[in-house]
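Colleague: fold the stuff below for me.
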Amino acid sequence: MMDVHHSGQSGFSLLETLVALAILALSLGTIYQSQINGVRSVSKSLSYQQAMLHAQSLMAEHVGAFALQLPSEGETPDGFRWRVERGLVELPPVLPDGPRVSVRKVDLYIAATGTQGAPELKFSALEAP
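Modeller: Below is the predicted model of the structure:
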């Protein structure tokens, strides 16, 4: 008969397996968290882009329309609330004895409704009277 001798260990010990599983769990948790942050970032970026498009459209309506009776606040169909504030701004003279010039200022504030902690964005435009 033949004697079979096992020299050394064969396979992994329980401790090595637990350490490997712990490292795998930490790695997967980190990857999962970075994926969640990426999705949030893309969602936030899309919201900013939509707000910018709405702001561009609203500014086009409101700049140059001081005499018109346009609404000063509202909400878009896709859930962005907005408001417009108009006023006059006096600019300092260019030359020491130069005339002071007043320009019209339009401020547009827009924010997503129903989004926790959504920032309100502000857009401004100046125009000559």
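Colleague: so the closest residue to V89 other than its chain neighbours bridges to which residues?
Modeller: Spatial nearest neighbour of V89, chain neighbours left out: K105 (4.7 Å); criterion: CB to CB, 6 or more residues apart in numbering. Any C-beta I mention is one placed from the backbone N, CA and C, and that applies to glycine too. Note on K105: beta-bridge partners G87, L126, judged by DSSP bridges.
Colleague: F123 versus K105, what's the distance?
Modeller: With distances taken as CB to CB, to the nearest Å, K105 is found 11 Å from F123.
Colleague: OK, contacts around I23?
Modeller: I23 makes no contacts at all, as judged by CB atoms under 8 Å, 6 or more residues apart in numbering.
Colleague: can you give me the pLDDT of it?
Modeller: I23 is assigned 96 on the pLDDT scale.
Colleague: likewise G64?
Modeller: pLDDT, G64: 74.
Colleague: go on, L58?
Modeller: Reading off the confidence values, L58 has pLDDT 89.
Colleague: what's the helix or strand for it?
Modeller: helix 14-62 (DSSP states H and E).
Colleague: what's the mean pLDDT across the helix or strand just after that helix?
Modeller: Counting by DSSP H and E, the next helix or strand C-terminal to helix 14-62 is strand 73-75. The average pLDDT for strand 73-75 rounds to 91.
Colleague: so G87 sits right up against S124, yeah?
Modeller: No - with contact defined as CB atoms under 8 Å, G87 does not reach S124; the gap is 10.6 Å.
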